[in-house]
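Peer 1: I would like the atomic coordinates for the input below:
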Amino acid sequence: MRSEERSIVRPRMMSLVLALLVVGVVFLAQATAVEPLPSWNDSSARTAILEFVERTTTPGSPSFLEPAARIAVFDNDGTLWPETPLPFQAQFVVDELKRLEGDHPEWKENPAITAALAGDVTGVLRSGPGQGMMLLEATHAGMTVDEFNDRVRRWLDTARHPVWKRPYSDLAYQPMLEVLDLLRAHGFTPFIVSGGGADFMRVWAEEVYGIPPNQVIGSYGEVSYELRDDKPVLVKEGGIEMIDDREGKPVGIHRFIGRRPVACFGNSDGDQAMLEWTTIEHEPSFGLIVHHTDAVRESAYDADPKGTGKLVTALEAAPRRGWVVVDMARDWKVVFKLVDGAPQR
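Peer 2: Here you go, the predicted model:
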């Protein structure tokens, strides 16, 4: 081949090689691309979530929201992880009561504590929204916030769920973790708004959900400031300052966030007021209820739960309010978070 011909062929070959490389890269990217919400079945619930995110984050859309307005609120127990047979914080309190029982003979005069120690924690919780917080404060009054945080961490490191025999931190719902990731990827700020104790949740919420402590709203006990040995400390007192449940949830949102959310995720009648506050005469907005229908992989309950999580009035209101209802058995491919790349159930 003459030198003139070679000089023509070489650029053509280089162009062909580059074109093949580009095609290969595009093909590889398409082949390895992960669909959003991969642990969700192709259902109306999944579609509704994706459509809401798309229309509120696409510039030029009539429903476009500026990032500052993209506030999403999540209940915790029963929405992001299980609440059966007991809310996890209630199990923590029971374990703490047993650990400290010998140091507190006066507890024998407290009906709620004696009932909890006898195994009737569900009855205690059903007697009122503040009873769980009362038990928590009874076990930790006088303790500094840092000491309490250490107790929670030690419990999480060693305790195992009585049914699933796994660390509690491994029992987050994988489909809901994917919703959190999807929202964050599109500029939403997620908050936990739960009836559980804020101090309890703040210890682990960032590790489990990626939600930092300043984005966790919950029930609060009284706390005071002291100088101990010339060191500033916050001390947990025995009183209850705020119950962040039912009608208290919109109040907590107002106090600590300062604007109405545009997306709300819950699972029980305790979340109904928060769903209403998020969605009624407030567009664009989105409400979702996790309905526990999976007796095989998790639990099935609504009107008559064994413990907390009663779902009647919110479920009845869902069609009228336009709230999405997730059927856990039908809509979720897996329930619990991926551990070492594989789902537990």
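
Peer 1: Specify the local secondary structure of Ser219.
Peer 2: For Ser219, the assignment made with DSSP: H, G, I helix; E, B strand; the rest coil gives strand.

Peer 1: pLDDT at it, what is it?
Peer 2: Note on Ser219: pLDDT of 94.

Peer 1: so who does it touch?
Peer 2: 130, 133, 194-198, 240, 242-245 (CB atoms under 8 Å, 6 or more residues apart in numbering). C-beta here means a position set from N, CA and C on the backbone, and glycine is covered the same way.

Peer 1: in the stretch 1-150 of the chain, which ranges drop under the pLDDT threshold?
Peer 2: 1-33, 126-130 (pLDDT under 70).

Peer 1: Could I get the full set of helices for it?
Peer 2: Taking DSSP state H, counting those that start in this stretch, the helices of the stretch 1-150 of the chain run over residues 3-32, 44-57, 88-100, 111-117, 121-126, 131-140, 145-158.

Peer 1: and the shortest one, how far from the chain's centre?
Peer 2: Taking the mean of its C-alpha atoms, helix 121-126 sits 22 Å from the chain's own mean (CA atoms, centre = their mean, to the nearest Å).

Peer 1: In terms of secondary structure, what does that helix contact?
Peer 2: When contacts are defined as 3 or more CB pairs under 8 Å, 6 or more residues apart in numbering; DSSP states H and E, helix 121-126 sits against helix 88-100, helix 111-117, helix 131-140.

Peer 1: next one: the second one to chain centre, how far?
Peer 2: Mean-position distance between helix 111-117 and its chain equals 29 Å (CA atoms, centre = their mean).

Peer 1: Report the buried residues of that helix.
Peer 2: Neighbour counts over helix 111-117 (16 or more other CB atoms under 10 Å) mark 112-113, 115-117 as buried.

Peer 1: Please pick the buried ones from the contacts of Ser219.
Peer 2: 133, 194-198, 240, 242-245.

Peer 1: what about Leu100, distance to Val325?
Peer 2: 41 Å (CB to CB, to the nearest Å).

Peer 1: quick one, which of those two is more surrounded?
Peer 2: Taking other CB atoms under 10 Å, Leu100 and Val325 do not tie; Val325 has more neighbours (18 against 13).

Peer 1: Can you list the residue ranges for helices in the stretch 201-345 of the chain?
Peer 2: Going by DSSP H, counting those that start in this stretch, the stretch 201-345 of the chain shows helices at 248-256, 272-279, 313-321, 328-331.

Peer 1: Tell me which residues touch Val312, please.
Peer 2: Val312 sits in contact with 269, 302-303, where contact means CB under 8 Å, 6+ apart.

Peer 1: could these be laid out in a markdown table, adding pLDDT?
Peer 2: Shown next, in a markdown table, are the contacts of Val312 (pLDDT from 0 to 100):
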| residue | pLDDT |
| --- | --- |
| Asp269 | 98 |
| Asp302 | 97 |
| Ala303 | 95 |
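
Peer 1: Which of these are buried, as a ChimeraX select command?
Peer 2: Buried subset of the contacts of Val312, written as a ChimeraX selection, criterion 16+ other CB under 10 Å:
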select :269,302
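
Peer 1: what about Pro232, how many neighbours?
Peer 2: 8.

Peer 1: was I right about it contacting Tyr225?
Peer 2: Yes - using CB atoms under 8 Å, Pro232 is in contact with Tyr225, at 6.9 Å.
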